[in-house]
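[1] Please work out how this folds:
(2 chains)
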Number of protein chains: 2
Amino acid sequence: MATVLGIDPGSRFTGWGIVRANDNELHHIAHGVIKLGDKAMELRLREIYIGVSDLISDNEIDRFAIETSFVSDNPQTAIKLGQARGVAIAAAAVLDLPVAEYAPREIKLATVGSGRATKEQIQYMVKVLLNLKDAPNTDSADALAVAICDLHAKRYQSSIDRGLRPR
Amino acid sequence: MATVLGIDPGSRFTGWGIVRANDNELHHIAHGVIKLGDKAMELRLREIYIGVSDLISDNEIDRFAIETSFVSDNPQTAIKLGQARGVAIAAAAVLDLPVAEYAPREIKLATVGSGRATKEQIQYMVKVLLNLKDAPNTDSADALAVAICDLHAKRYQSSIDRGLRPR
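    Numbering: from 1, shown residues only, chains lettered A, B, ... in the order given. Predicted coordinates for the structure are as follows:
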C-alpha cells in the first residue's frame, strides 16, 4: 500500500490530489485547490508551504509527485511558476518524502493512454479511474493524474525489481 | 535597532548576509554561502529552506530582503532560480518576517552610489561600509548589499514618517 500526494503548482491556484494504491486498486482519498488570490507574493508562498506540509502530515503520505517544470516562453511567468513549484517541493523534502517528477507525456499516458490527451480527457479519465461521481476541476485533476502516474510508475518498477513482466 | 537577513538565491550557491543598524550605524553580524553542490534538486531546496529558517531563528532577524527576480532569457534557468528564490522567501514568510524586494539598481545605488556598479565595486563597498578586513565573496557580498539596501530604504521611510527630510 502506498499513498501519494500529487501537486499541480501555480501562483494563483495550486491543485492537489491524494491517491492510495492497494495492490492494483486505486483509491481516491481527497483533492482540492489551495486558492492564493491576490495576496502579496510572500504570503502566497507561505500558504503553499503550510498547505502542502499540512496535507502531508494529516494524510500519512508516503510519496510526493509533481509534473516536470512547464517551460514558458515568458521568463517572468517561469520565475513565478518556479517559486510556487520550489516551495511545494521543499515542503515535501523537509518532511523527508521521496519526490518524483513526471513529464506531461508520461502523465497523459498513465491516465488517458495517449501522450496527446487534452485537459478534458484527463479530467474524464481521472473521474473514471478513481470512481468519482463528478469530474474534478482541472487543477485538482492534474494533481490526481500525477499521483496516479507515480503509482503506475512505481508498480511497474517494483514488477521489474521482482523480475516480473509488468501487466 | 533592526537586524536584516539578505539573501542572494541560486540553485548551486545561495549567499546570505546579516546586517544590523543602530541609528545610522551599520554593523556586520555574519555572512556565508549555503553550498548546494550536485545533490538532487529536492534536497537542494530542502537545504535552502532549513538553512534560511535556521539563520532567522539563530540571529534574531527582524526583516528579510532579496533582489527582485533576475530575468533570464533561458526559461529553464528562470524556473531553477525561481525555485531557489521561492523557497528562501517561504522560509522567511512562514516565520512571519516582513519580506522586501529591491531592484538591482536600488541595491547598487544604496551601496556604491551608482546604479551601474560592477560586482567588484559592490564587494569593495560592502567591505568598506561594514568595516570588514577582507571583501566577501560575490554571493555573500550581494546578500549583504541587499540587507544594507533594506536598512537604507527603511531609514529613509522612517524619516519621511517622522516628517523629517532624509539626511
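[2] Would you confirm that A:D8 contacts A:A143?
    Yes. Between A:D8 and A:A143 there is a contact under C-beta atoms under 8 Å: 4.3 Å. C-beta here means a position set from N, CA and C on the backbone, and glycine is covered the same way.
[3] Name the residues contacting each of those two.
    Common contacts of A:D8 and A:A143 (C-beta atoms under 8 Å, 6 or more residues apart in numbering or on different chains): A:G15, A:W16.
[4] Spatially nearest residue to A:L144 (excluding sequence neighbours)?
    Using C-beta to C-beta, 6 or more residues apart in numbering or on different chains and skipping the chain neighbours, the partner closest in space to A:L144 is A:G17 (3.3 Å).
[5] Now for that neighbour, which secondary structure element holds it?
    Assigned by DSSP states H and E, A:G17 belongs to strand A:13-22.
[6] Convert that strand to PDB, retaining C-alpha atoms only.
    This file holds the C-alpha atoms of strand A:13-22, laid out as PDB (Å, rounded to 0.1, in the frame of the first residue of the first chain):
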ATOM      1  CA  PHE A  13      -4.200  28.200  -7.700                       C
ATOM      2  CA  THR A  14      -2.200  25.100  -6.500                       C
ATOM      3  CA  GLY A  15      -4.100  21.900  -7.200                       C
ATOM      4  CA  TRP A  16      -3.600  18.800  -5.000                       C
ATOM      5  CA  GLY A  17      -4.800  15.300  -5.100                       C
ATOM      6  CA  ILE A  18      -4.200  12.200  -2.800                       C
ATOM      7  CA  VAL A  19      -4.400   8.700  -4.200                       C
ATOM      8  CA  ARG A  20      -3.800   5.400  -2.400                       C
ATOM      9  CA  ALA A  21      -3.000   2.100  -4.100                       C
ATOM     10  CA  ASN A  22      -3.700  -1.300  -2.600                       C
END
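[7] Write out the residues of chain A neighbouring chain B.
    A:40-43, A:45-46, A:48-50, A:69, A:71-76, A:78-87, A:89-90, A:92-94, A:99 (C-beta under 8 Å from any C-beta of the partner chain).
[8] so who does A:S69 touch?
    Applying C-beta under 8 Å, 6+ apart to A:S69 gives the contacts A:A78, A:L81, A:G82, A:R85, B:Q76, B:I79.
[9] Just the buried ones from those residues?
    A:A78, A:L81, A:G82, A:R85, B:I79 (16 or more other C-beta atoms under 10 Å in any protein chain shown).
[10] on that earlier part again, of the residues of chain A next to chain B, grab the buried ones for PyMOL.
    Buried members of the residues of chain A next to chain B, defined by 16+ other C-beta under 10 Å, are picked up in PyMOL with:
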select buried, chain A and resi 41+42+45+46+48+49+50+69+72+75+78+79+80+81+82+83+84+85+86+87+89+90+92+93+94+99
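[11] Perfect, I'm done here.
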